[in-house]
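Colleague: Need coordinates for the following:
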Amino acid sequence: TTPKHKEFTSFETRLKTFDKCQKKMKQDTHSLCEAGFFYIGDGQNDQMLCFCCSQGLKDWEDNDEPWTEHARWSPTCSYVLLCKGKTFVEEACGALKIENFNHEVLPKLIADYKMDSCYPEEIKLTLTKAYLSDKK
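Modeller: Numbering: from 1, shown residues only. Next comes the predicted model:
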């Protein structure tokens, strides 16, 4: 696909847009530019766009990672797919984030078949066995 903002195709051009950003962010401007973003804010906010897909992001949280957020909000962006690959995008977009679960509860949920459509059979079997062996 043709980039929506061709004038920001180069890393250096995107990086220069962050000169006017005065908002303190945990994300490094180089990381944001590598992920395809350029700054469009008023200097006080953290609003940016992707040069390729034109996806806008703002209100970044401290633990947000630029590539992951880009993939999550724009899974069909050609730039993300080209640079990071389909597997990365699928993982970023996964509806079920295992790290968000209490690892003691997850095997029980699977064993109780409350989440049986989320995992292949061999993973459910392994987690069920782990849960049952903990009960002994």
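Colleague: Show me where this protein dips below the pLDDT cut-off.
Modeller: Within the chain, the segments meeting pLDDT under 70 span 95-136.
Colleague: ranges for the strands of it?
Modeller: Using DSSP state E, the strands of the chain run over residues 37-39, 48-50, 56-57.
Colleague: what does the first one contact?
Modeller: In other words, strand 37-39. Residues from elsewhere that reach strand 37-39 (CB atoms under 8 Å, 6 or more residues apart in numbering): 5, 8, 13-14, 17-18, 20-21, 47-51, 57, 66, 70. The C-beta positions use only the backbone N, C-alpha and C, and glycine is treated the same way.
Colleague: Please apply the same query to the shortest one.
Modeller: By CB under 8 Å, 6+ apart, the surrounding residues in contact with strand 56-57 are 37, 40, 47, 48, 49, 50, 69, 70, 73.
Colleague: Could you dump those residues into TSV with distance to residue 31 and neighbour count added?
Modeller: Shown next, in TSV, are these (distance: CB to CB, whole Å; neighbours: other CB atoms under 10 Å):
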residue	distance to residue 31	neighbour count
37	9	26
40	17	16
47	17	17
48	12	28
49	16	21
50	14	25
69	11	19
70	11	27
73	16	16
